[in-house]
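[1] Prediction below, plus the sequence it came from.
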Amino acid sequence: MSEVAHTVPRDHRQVVPGVFGAIVGVGMPWWNRKPEDVRAQWVLEPLVGVGPLRFGMNPDQVASALDGATAYVSTGLDGGAGWGCYSDWGVTAVYGEDSGLVAVAIDWMDGPLVRLRDVELIARVPSEVRSDIHDLARREGASVRVNWSGDPEIAAWGVSMGAGQEMGLSPEGYAQRRDTVITYALLVGPELAEDPYGSELVIRWRDVREEEPNLGAWPVKAEQDRPHWDWTPLKGIGPLRFGMNPQQVAAALDEVPAARHGRYPFGQSWEGFGAWMLHDDRFDAAGVTAHYSCGFGTPPTLGAVTVHGRTGPQIDFDGIRLIGMTVSAVDAALIKHLEERETGLIIGCGGDLGPDGLNMYVRATRAGDAVVSEARFCKAEWEDHG
């Protein structure tokens, strides 16, 4: 078996020459789903608390309730609003201006298994949880709406559901992405129940305002309905060439962007104050997102393109179809192809795979209870952070 190169490029990717499975044991515990028999079993008391946690607790009380757990990733816990990720428990706690607990996020891979009445909420098939929630809501007269991710949200219970890609280990003990998603939940107190992800307190932890909203349906375009685009590594794909300005991108696609994302300079000494900077243009008809290189005083130019898995054009890599396919099949084909040629494999921040030197990453996007493959193609200088 090939050994892992102990080289981590600037964007925290890992370079693996040869067998993908060699990355096991290199500090990626999130690849392995925690067994159910070792996960805590919690009960949700709507708008009051979950398990040993009660809304209104301060960070010290939360840590004590979690057996002295440490928030390994946190911000603002020294006073006022903030959040802390208690990774040993698979729980993130969000605090209000008075340092009181206002929300608890339960991870899909290793968080506690939370039960509401007779409904298990966590680490399940999303469609099954949705059906159970609607049945319970009918019995209790509660109203169910669809949140930003297309999942159930119930203000009366302070519950907003979601789903993440399942990760695991192969029978040989190698890390691998699964083709399924399983459920997680954001559980909130009464002050956030009407709009959990719209709350400034939750936004400080996870800002989904620039995510493409989902109405609860995930149609996947058939292979015969997708145009085929050529790919010139590090240069461009289809009609798009890296270095184009936004006007040239829109003209090449003959489409107006459905959404634009960017920001204003932060006013730091190295950046200063200035005009709004464009980061991304999403083109729904073409099924792609254009990502721009930009900076203070520097006009945006095309640096990367994400081809959407559900709707984008088909792209081949040495005969391997990359878009809209079963993720595990693409991963296996890519690994086999690179091993046969003794070419290095890049592992991105989110487990995305790509051939070393081509700055291309096979990604995954949700399609209901499953995921399909998509890909990001980048210029040579682009540092991809997922």
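    Looks like it came in fine. Numbering: from 1, shown residues only.

[2] Could I get the average pLDDT for the longest strand seen in the chain?
    Secondary structure of the chain per DSSP state E: the longest strand is strand 175-188. For strand 175-188, mean pLDDT is 94.

[3] three-state assignment of Ile290?
    Small correction: residue 290 is Ala, not Ile. strand (DSSP: H, G, I helix; E, B strand; the rest coil).

[4] Kindly report the same for Gly262.
    Under three-state DSSP, Gly262 falls in the strand class.

[5] give me the number of residues near it?
    15 (other Cβ atoms under 10 Å). Where C-beta positions appear, they are placed from N, C-alpha and C, glycine not excepted.

[6] That one against His279, yeah?
    Yes. Contact criterion Cβ atoms under 8 Å: Gly262 and His279 qualify, at 4.7 Å.

[7] between those two, what contacts are shared?
    Shared contacts of Gly262 and His279 (Cβ atoms under 8 Å, 6 or more residues apart in numbering): Cys294.

[8] residues contacting the nearest residue to Cys349 once chain neighbours are set aside?
    Setting aside the residues directly before and after it, Cys349 is nearest to Gly386 in space (Cβ to Cβ, 6 or more residues apart in numbering), at 4.2 Å. Applying Cβ under 8 Å, 6+ apart, we find Gly386 in contact with 348-350, 352.

[9] now these in JSON lines, with distance to Gly96, neighbour count and pLDDT?
    Output for these, formatted as JSON lines (distance: Cβ to Cβ, whole Å; neighbours: other Cβ atoms under 10 Å; pLDDT from 0 to 100):
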{"residue": "Gly348", "distance to Gly96": "35", "neighbour count": "19", "pLDDT": "83"}
{"residue": "Cys349", "distance to Gly96": "30", "neighbour count": "13", "pLDDT": "77"}
{"residue": "Gly350", "distance to Gly96": "30", "neighbour count": "15", "pLDDT": "77"}
{"residue": "Asp352", "distance to Gly96": "35", "neighbour count": "21", "pLDDT": "91"}
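
[10] Among these, which one lies nearest to Leu322?
    Leu322 has its nearest neighbour among the contacts of Gly386 in Asp352, at 11.6 Å by Cβ to Cβ.

[11] From what I see, that closest one and Arg363 are in contact.
    Yes. Here Asp352 reaches Arg363: they are 5.0 Å apart, a contact under Cβ under 8 Å.

[12] between the two, what contacts are shared?
    Joint contacts of Asp352 and Arg363 (Cβ under 8 Å, 6+ apart) are Arg376.

[13] Wasn't Glu153 part of a strand?
    Yes. Using three-state DSSP, the secondary structure at Glu153 is a strand.

[14] Fine by me, we can end here.
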